[in-house]
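Asker: Sequence unavailable; structure follows:
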């Protein structure tokens, strides 16, 4: 089984330049978790490049083996550091987890 974890965030900053900067930093920090958090099987994170008025600002698409692996990822210290930064710059979050 593989579990796909998809998360989208909208940044809290009201000006476009700061929103883009924060989104890029979120994506950079998430991508840096590859090779650090052993539960990650595949991960891709990126800042939105089109339709900024209607799209979320950044997305994470990550594959793990199962729910236990996702829960281990959630409490990994490296993820907790990234999550703290994300919470400091985001206004909203949406997530979906599904088996592929």
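Answerer: That came in fine, so what should we check first? Note that the structure is predicted; figures quoted are calculated from it, not measured.
Asker: Next, name the residue at the spatial heart of the chain.
Answerer: residue 60 (3.8 Å; C-alpha atoms, centre = their mean).
Asker: distance of it from residue 75?
Answerer: 17 Å (C-beta to C-beta, to the nearest Å). Any C-beta I mention is one placed from the backbone N, CA and C, and that applies to glycine too.
Asker: residues in contact with the residue nearest to the centre of the chain?
Answerer: Taking C-beta atoms under 8 Å, 6 or more residues apart in numbering, we find residue 60 in contact with 5, 6, 7, 8, 30, 43, 44, 45.
Asker: Measure how far the helix or strand encompassing it is from the centre of its chain, please.
Answerer: Using DSSP states H and E, residue 60 maps to strand 58-64. Remark: strand 58-64 is offset 6 Å from the chain centroid, using C-alpha atoms, centre = their mean, to the nearest Å.
Asker: circling back to that earlier point, so what sits opposite the residue nearest to the centre of the chain in the bridge?
Answerer: residue 7, residue 45 (DSSP bridges).
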